[in-house]
Structures are given as structure tokens and as C-alpha cells.
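Chemist: Here's a sequence, model it:
(chains A, B, C and D, ligands or ions: 2)
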Amino acid sequence: MARVVVDVMPKQEILDPQGQAVANALPRQGFEGISEVRQGKRFELEVDDDVDDDTLARIAENFLANPVIEDWAVRRVGS
Amino acid sequence: MARVVVDVMPKQEILDPQGQAVANALPRQGFEGISEVRQGKRFELEVDDDVDDDTLARIAENFLANPVIEDWAVRRVGS
Amino acid sequence: MTDPTREAATQDPATPNGAEPVDSVEQAARTPELDQPYRELGLADDEYERIREILGRRPTEAELAMYSVMWSEHCSYKSSKTHLKYFGETTTEEMRAKMLAGIGENAGVVDIGDGWAVTFKVESHNHPSYVEPYQGAATGVGGIVRDIMAMGARPVAVADPLRFGPADAADTRRVLPGVVEGVGGYGNCLGLPNIGGEVVFDESYARNPLVNAMCVGVLKSDELQLAHATGAGNKVILFGARTGLDGIGGVSVLASETFSGDETGSGRKKLPSVQVGDPFTEKVLIECCLELYGSDLVVGVQDLGGAGLSCATSELAAAGDGGMRIDLDTVPLRAEGMNPAEILSSESQERMCAIVRPEDVDSFMAVCRKWDVTATVIGEVTDEEHLRIDWRGECVVDVPPRTVADEGPVYQRPVRRPAEQDLIAADDANTLSRPATAEELRETVLRMAASPNLCSREWVTGQYDHYVRGNTVLAQPSDGGVLRVDEETGRGIAVATDCNARYTRLDPYEGARLALAEAYRNVAVTGSKPVAVTNCLNFGSAEDPGVMWQFQQSVRGLADAAAELGIPVTGGNVSFYNQTGGDPILPTPVAGVLGVIDDVTARIPTGIGAAPGESLLLLGDTREEFGGSEWSRVVHGHLGGTPPRVDLARERLLADVLGIGSRDGLLSAAHDLSEGGLAQALVEMSLIGETGARIVLPEEADPFVWLFAESAGRVAVSVPRGAELKFTELCSARGLPCSKIGVVDDESKALEIQGVGDIPLSELREAWEGTLPRLFG
Amino acid sequence: MSAAGARIGVITFPGSLDDGDARRAVRRAGASDVALWHGDADLHGVDAVIVPGGFSYGDYLRCGAIAKFAPVMTEVVRAAGQGMPVLGVCNGFQVLCEAGLLPGVLTRNSGLHYVCRDQWLRVDNNTSTWTTRYEPGAELLIPIKHGEGRYVAEDPVLDRLEGDGRVLFRYVDGNPNGSRRDIAGITDERGRVAGLMPHPEHAVDPLTGPTDDGLGMFLSALDTLVAA
Ligand SMILES: Nc1ncnc2c1ncn2[C@@H]1O[C@H](COP(=O)(O)OP(=O)(O)O)[C@@H](O)[C@H]1O
Ligand SMILES: [Mg+2]
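Modeler: Residues are numbered from 1 along each chain as shown, chains lettered A, B, ... in the order given. Ligands and ions are numbered 1, 2, ... in the order given. The predicted structure is shown next:
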């Protein structure tokens, strides 16, 4: 068994209203110095050892992310 | 400027319907061998260098995560 | 900085804690002197003693968990029971005639004609929504919907009476948006139109928000399901979500006490008692249940709510004709290492429990598979009169089910009318300084319209789907929500919930009567006939004699008023301990009224301007009544005096006239007068109808009293040209005061009030609609 | 074919909510409605398909992302390729985008709230199968109710959609969700597959909706089917 993390983030050029809302709220709460916030998703998968990188990439590309608006990255973080 | 990543995940004992929905859908698409999926959030922040770890922790705890049901982790990933 | 993965590993409460001994019945008999943490579980010394007496031994850990949750205030109604009896005592046979199920069932059921029945109920989820607003509110909706499903009905609508601290308080900005998102997030995803509710702000709710949720369900009157386990040999099936460690906060004491020292114990102590809702699972569960009922595969059914399996198994067995045997090892779990007490007390959401004939089990399972719903046979009905639960081959629970479910403690809590009630009553609101000039009156109209309790609720209700299912005939911002039930005949229902807790604070008896009168009137102004009542009684600590007096008075007020109105109270909910320190919330007995309308096309809308040349009429009497009024709060921050007088015969008369007016097409709009009085009603009728009006004061009237008094039993109506004579004759024939107060003016883009001035609708709209968006974004 | 002879299928996924309403609208337009089941890879000979609103599979991952893998969707994609009229409403629009039948994607409303309100739309194109009954430029009042309706696509895609007249409806009198170029609904190259966020099936009867402005969509498709 391995643990795999898939990060899915909105593409840089895509408007991210959620991240923006956080960024706008921070100074109001007295937190200065945060110039940008982007919000995406993080998936943690428990994966059998025989699931290969290619399969993981297909899961990320075709399912966990929508490539029209999102970038993704897969990494194994050990078991 | 530094880039900071904050990962926010549902606590282990808390129901994660989103992760569960993904886990249930994978075999239907022919992806076997994924035994568990948890879905959380990933934030990427652009942060001035003088923002210290303590401040980041407070931002994560009070803003980005809901500590009643979520765990969080902050890490700097370079600029 | 923490690594969630590592942290999760060390915090993981699900780590199996090895081969700890099972606290079985046998073990309990062997170790009678074992110290048990019953106090931490909320049981009093004498309650614990009674359990020992019932069992003739000490309870096992699992039994202790069961009794402690089932004998809690929430499940056993131990402080309220003696008062609630009064509802039954005041319900006559005549009132009962249309009631198919009443107090004591999961929800009341009323026959509405044409073979249809309706079930409706309100429940509170106050404290969880303060701790975690989104999930607290979401699971509040989920819970009440399952109650309705347990009656065999299809849930068809929800409503959400809400109360928060001051609108501009920082904590309200945390709680309110989360609650609204939670109510919407869950209800929208279930496909249940939200057709009503309340949003009230008051200091007393600052750390005690009230999140009450109502659900309405529809069924054929011969399809009623009952929560009973009958027929020895029938199977007990648990279906829906898996059972996890949610909401067992209190019971984790057991783990920590018993296994103190080991990591699991201390880890579990920190378990959050919040539950996370999964509306998708519940939506599928609804469809699955309805298919199971439709195929006649269910003998009895119970939802799992507070107290989880403890409640479902003991109540099903207690209502049955024998006992029940459960094998806990078969319960599908979501977390590892759960012990019997935890499995029995888990409040994991989206679960139901059914009693099924053995020959139907396969068909039952097939329906569940179709809907992808996990279902497991966990036991069977026996003729042993005992509820017996086994775990890992040992008996961990062996109890007479009625002692758990029905025979909990009953308290006669001290009741005392606080002396300060007299002081409050003496603090007369009618002596407060009033606006005198036209300019001051005009400014007051605008200020009131913009005040948090009177302003538009659109910011809230715009987050709720009120269209789904395609049967919503009236919803926000109408006084009552109206739904079509039968597409062929047009038969429909109406619901409204109300409570002005400032009135109840001044006089809990009269205040409760006013609450019911208002909900009744709000149903009546839609053109529907009120037929039944439910309630949600939100109060402070049951151990405060002053609070218990408020409670007792409110129950009596509601029951007496229901009897006078001739409509039965079919159910309700009690929530005590809504207080912080010594400060209870305003006594808040929310009344919910169900109405029936023969043909929904006759419903009366709220906004004016639908028909050409309408006249505006005011029905009822206006008196100098400002005690508890919204004006006294907004302008003077005052709460004192006595609430408006209630005349329930007048309310009945009003409802009759409105019913006839709707049936005969004499009314083009109607709006009841409540908080803010006539001025506010006119503002809303104009803005909702996007049409101006010219208002003329009666000659003898004091403009301030006329515009802002909150006398009950009043409704403003608009009557199309041609119907005016007929309608006023109808009123005078029945002795209902009716006076013409003005005309609707299609051309005018203003509310023109004689002696006050013209207020352009755009200015009114800005005042009325601007407030909540400004506060909540 | 007679109107009543036209059979319009409405898919039910786990979590579909407006399937019953879509079927009611089909009947109101005079056609016959057919219930289609997500797990059934068979369109049962229908002449057109509606993918209704709701929260298929809870919309937990991304709206419509799980539904696109349902067995029935394979058939819908195949039939659409052969020119069958397909309409996706709200969640159905999201499903059609995820399934690649329509370009772009629907994202979280820019206001971050779910919005339920009556919305004015302008008809931009009346040559698609689903819009022939409308005058170009006509304004309709139709309910919207969604949390993720902000239409997003890359600029070249948007340019092409506009250039080819494939924008069916635009929001007027306020863009409720931040959709790019105020887009409320689009169609495919052939004008047969359409998707929109507003709910025409909730505007077929002024008793239960703001207007009956939505009925035109069902009547339009029916005209095509009857003429064929
Ligand atoms: N939390 C809520 N959820 C749904 N509808 C609400 C809510 N709060 C208020 N409403 C609706 O807004 C309208 C105005 O509410 P309110 O002023 O309390 O009505 P009334 O004074 O007639 O009881 C009503 O249609 C009511 O049902
Ligand atoms: Mg009202």
C-alpha cells in the first residue's frame, strides 16, 4: 500500500473567486503581507502497490482534475 | 516573497462524503486498487518574507481550516 | 507546523486498542462493585440506582451508554413530559378527527382529503449549529427529513426558523452565513424546496443561536408507516450510511475511563461531537425508502437520529409486541476499533432501521442495491420481551426495552414566576417618545424597513431552492409557503412558522397564543384553511424555576389557543439549556401551522398590483399596542409592558373570510400585519408587487399608532375593482371590521401616505434590501 | 410523427432532482416522456434526451464529473454524434461539458453563494433545435438555482462560440454568477446539443414558476422531431 497525493489547482489564468475571497478577508482580520491566495483541492489516496504512475496520471487527468481549468500533480508520499 | 502551501484535510474520524464519492466512482471507471480517498483543500499563498511561522499557523487555524473537523499543515515551498 | 498525515496517525482514534475485555452482562454480574462513570455521562445518582434496580445488577458499559443517552433531556423529555401532557388533555375528539398520528410518533400526520395525508414536524439543532454552523444546520435538516421519512411519507418541503445574536455582532457573521449555507447545502441537494422560515436577531441568542428545521411530507393516508418491531422472526435491517465515531462525544468518556492510560482512550476523549452530513446519501436513501414502502417490504421503520442505534432498537422493540436480538458485529462500521457502547451511541447520519419479514429480505436487499444503499441484517424480532445485544459472542446488553425508551425518569422541576415579570410589565412601552411630524414618521418608516428584523430576507432565502419538484405555489417572501399536492385536483397545503419571543418574554402565556395566532393567520392569508399545529419549544435551563415557569405558561398558552382555534397540536420538540451562564434566551416557542387549500390556483399572493384598480382594505382593529413592538426595540432599545391582546375568535373569523375571499376570487393580495405593523406591511406589499399605492388615514386615527402598532388579528388586503362591494359586504355580514385605507396605483412608483409623505419605491427598496447584504456580504 | 408520438427521455442519476420537472415540461409541451436510468446503457428508442438538474452523485468532486461515466452517458454521447437532440439543464449542462459534448466548464459562482432567483435572459440564437420558437433578442424570465454556474472557457473557444452563433442565451439585467461574456447557455456545432444553467422546466406554468417562458425550448425541439 502506498499513499498518493494528488494536488489540483486552478490554472493561473483562471479566476479563483474562493482564493480571492480569502485574500481579501485576511487584511481585514489584521493579517498583512499575503499578496495572493489560490485555492485548490488535495486528494489523498491509499493505493495498492501495483497501481503504476501512468494509471495515477490518468486518474488525475481524466477524473480528479478538469484540465480546462485545473493543473494537477501526483506524488507518492510513502506508505 | 515566499510561496506557502497550506494543506487542509478532513480529520480521520470525520465522515468525508466527497472522498467517498470519488472512491466509489473509481472502480466504475475501471480503476482498481484504490482503497481509500480523502478529499481536502490546498491553498497556495504568496507571502512577504517577514510573515513568520506563527502568523501562518494562525491564518491556517482560524481561516483556512475549520479545526473542529479539519487538520491542517503549513509548509514553505520556496519562492 | 504540523504534518496532517503524521498528526492524523498519532491522533487516530480508530487504532484498534488490542484485546480489551468485553464488559459483558456476565462480567457485570461478576463485578457488581465496579465504579462506573455515570455522572460524566449525565446520569444522576438516583437515575443510576434505578438502572441497577431495573437490571438487578450493575449495567454493562454498553447498557450504561444506552440508558444515559436515552434518559437524557433530549431523548426522554424528562423535564417537559409533565407539562406536555397538557396538549393531549386539551385536544378534543373533534380536533382529533383528522389526525392519523399524533404526539408520540416520529411526526404528526393529518388527513387532508382526497386520500392524501400530510406529516410535518420541526426540530432544533441549536447547539451543534453554534459549534459548527454549516454541519450543525445541515445535519439538522437531515435529521428532520428522516423523521418524516419514517412516517412513510415523501418529504416535499423544508422551512427553517432561525434566530441569531445581534445582526452586527462579529460572532453572528461567523454563525449566520454558515447556518444558511448548511440549510441550503443540505436541503438543496435533497431536492426539497425551502418554502418558509424566520430570521430573527436578538441579543439573547448571541451565544445560543436557534436553528430549527421543519420538514413536510406527503403520503397516501393508507400508507402510514409505524415505528414498531412486530412479528417474532422478522429481521432487523440497518440501511444507509456506515456507522462511525460521529457525535458520540459524551460516550467517549467510557472509553477514556475504562481504558485510561492507553492512547486510544485519551484520543477519543477529544472526539468532536459534530457530525458531518452527506446529503447525497440521504437523497438516495429517500428514494430507496419510498421504493421499499411502495413495494410493501417494510413492517416497521425508524430513523436513526439522536442516540443512534440505542434509540432505534429500543424504541422499535418497545413499540412492538416482543423483544429484539441484535448482533453488533454485523453493523457496518466506518472506523476501526469501535466498542459496543460507541457503536450503539454513534450519531452517524443518513441511517434508517427497518423491520422486514424474512421472506422479503431478498427483495429488500435488491431495492437497496439498485440505489447503492448499504443494507445489513443486524438482528431479529423475538418473543422474549428483552432487547438483547451481542458482540464478539458475548451478551453486552440485556434490558427490557421499555425501561430504556419509555420509562425514563420524569421530573417535576420547580416552577416559579420571577418577581421581575411585574417590573417588566410596568415598564410601559406606550409612554416612549414618538415621532410627531410627517418628516419624523417618514424617517421612521424607512428606518424600520431597514432594521435587521424587518428588512428583506432575500440574502438568506436566495440561497435556497424553492422551485425544485415544481409544486411550489407560494414561497418566500409570502406569509406562508403553499405547495401543490395533487396535480389533478389542485389540492394543496400551506405552512408557516412564527414566534415573537419578545411577546413571550413579556407574558409567556399570551406570547405563545400570539405565536400560534400569527402562524395561523400567515397560513390563512394564503387562502388556506389552518388544520393542525406543531411546535419547537426553545428555552433556557430546565433547572431554572423562572425558565420552567416560562415553559409551563407557553405550553398552556399554545394548547389553550389550539383548542380555541379548534386545531390539534400533532407533535413538537423541546430544546432546553439554551443559555449562557445565568442568561437564558428569550422564551421561544415556535409555532408551526399546517393548512389545506382545495385548489392552489386560488392562492392569494402578497404583492399588490396584479389586478387593475385595486383598493386596499384593512381588516381588524388597531389599538395603541406597543409592548414588545419592533418599533420599541429599533428606536428605543426597549422591551417592556404587555404584549398585544389576542382574540382567537377574531382570528378564526379572519381565516374564514380570507378562505371565502380566495375561493370566490375577491382578493388579489393579502398580507398579515405583525412586526412593524401596518407601515411595514404596506412597504412589503408595494415592494413585492413592485407597485405603488396611495394611503389615506382614517379621520380619527393617530398616524403613529395607526402605522406602527402591532395589534394582532389584522390583515391588509387588496381587492380588484368590481369585487370591493361584495367583499366589504362579506365582512360586515360576519362582523369583521374592514376599512378602506387607500388604492393601488399602477402609475405611481411610490408609497404615498397621507400625513407622512411620498416615499419612492426605489428609496424604500434600498432601505429594505440593503441591510443583510451590507452585513453579510 | 405526431407531437404525442415524439418520445423525449429524461435521465435519472442518483442525486438528480429536476428529472420529474423536466418530464412534466415534456408532457406539457405535448410530447411523451420516458424515464431513463443512469445504470441502463439503453436509450429505449427515444427521439431526444434531457439531462436534468440536480446534484448527481452529490456533485462532490466537481459538478457532473462522476455522472459522465454512467453507462447511459456512453449512449447519449453516441446518439448525440448521430444528431439526436440533447438538452442539459443546470447539472445536466455541467454533465454535458464534462462529457465533452459541449466546450468549457461550469465553476463556482463568483459570489460564492448558491443563487436561486428569477433571471432575465436574452435569446441570442434561435436556429438551434431547442430555440426555434423564440425571436432573436427576446427576453425571457426563467429561474436559476445553482452554486456552480459560472461558465468558463478559454478566449479562443469563447470567440469561436460567439463567431459561430453558438451562444443561445445570455444573462441580462445582472450576471448572477460571473459567467464569462454573460453566457447562460450554448449549443454544439450542429445546434442539436444544448446546455444552459437556467431552468426552462421551471418556467412552464405561471402557477409554479415566474412565467411560462421556458416552454418554448421544449416546443422548439418538438417542432424539429415532428417535422423529421
Ligand atoms: N430562514 C428562512 N428560510 C426561509 N424563508 C424565510 C426565512 N426567514 C424568513 N423567510 C421568509 O421570508 C418571509 C418574511 O419573513 P417574516 O418577516 O418572518 O414573515 P412573517 O412576519 O409573515 O412571519 C416569509 O416568506 C418567510 O417565510
Ligand atoms: Mg406574516
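
Chemist: surely C:T606 meets C:M685?
Modeler: Yes: the pair formed by C:T606 and C:M685 meets the contact definition of C-beta atoms under 8 Å, at 6.4 Å. Any C-beta I mention is one placed from the backbone N, CA and C, and that applies to glycine too.

Chemist: Now do the shared contacts for these two.
Modeler: C:669, C:671 (C-beta atoms under 8 Å, 6 or more residues apart in numbering or on different chains).

Chemist: what does chain A put close to chain D?
Modeler: A:14-15, A:17-18, A:21, A:63-64, A:66, A:68-69 (C-beta under 8 Å from any C-beta of the partner chain).

Chemist: oh sorry, the question was meant for chain C
Modeler: For chain C, the contact set with chain D under C-beta under 8 Å from any C-beta comprises C:181, C:184-185, C:188-189, C:191, C:278-281, C:283-284, C:371-372, C:461-473, C:484, C:600-601.

Chemist: Show me what secondary structure element comes after the helix or strand hosting C:L316.
Modeler: Using DSSP states H and E, C:L316 maps to helix C:308-318. Next helix or strand after helix C:308-318 toward the C-terminus (DSSP H and E): strand C:323-327.

Chemist: so which strand or helix has C:G722?
Modeler: Secondary structure (DSSP H and E) places C:G722 outside all helices and strands.

Chemist: Can you report how many residues lie near it?
Modeler: Counted with other C-beta atoms under 10 Å in any protein chain shown, residues neighbouring C:G722 total 11.

Chemist: now do C:R392
Modeler: Around C:R392 there are 12 residues (other C-beta under 10 Å).

Chemist: can I assume it is in contact with C:S24?
Modeler: No: the pair C:R392 / C:S24 is not scored as a contact, 9.0 Å apart, by C-beta under 8 Å.

Chemist: Could I get the contacting residues of whichever residue of chain D sits closest to chain C?
Modeler: At 2.8 Å from chain C, D:G58 is the closest residue in chain D, using C-beta to the nearest C-beta. Counting by C-beta under 8 Å, 6+ apart, D:G58 touches B:17-18, B:21, C:189, C:278-281, C:283, D:15.

Chemist: so which of the residues you listed comes closest to C:R505?
Modeler: C:P279 (35.9 Å; C-beta to C-beta).

Chemist: any idea how far ligand 2 is from the nearest residue to the closest one once chain neighbours are set aside?
Modeler: Distances taken as C-beta to C-beta, 6 or more residues apart in numbering or on different chains put C:C189 closest to C:P279, at 3.7 Å, once the chain neighbours are dropped. Noted for C:C189: a distance of 29 Å to ligand 2, by C-beta to the ion, to the nearest Å.

Chemist: just D:Y60 next, same as before
Modeler: Remark: distance between D:Y60 and ligand 2 (C-beta to the ion) = 38 Å.

Chemist: And C:G104, by the same measure?
Modeler: Distance of C:G104 to ligand 2, computed by C-beta to the ion: 31 Å.

Chemist: cool, and D:D33?
Modeler: According to C-beta to the ion, D:D33 and ligand 2 sit 38 Å apart.

Chemist: after the one helix or strand that residue maps to comes which helix or strand?
Modeler: Applying DSSP H and E as the criterion places D:D33 in strand D:32-37. Once the chain leaves strand D:32-37, the next helix or strand it forms, by DSSP H and E, is strand D:48-51.

Chemist: What is the helix or strand following that next one packed up against?
Modeler: Downstream of strand D:48-51, the next assigned helix or strand under DSSP H and E is helix D:71-81. On a contact count with 3 or more C-beta pairs under 8 Å, 6 or more residues apart in numbering or on different chains; DSSP states H and E, helix D:71-81 meets strand D:48-51, strand D:86-89.
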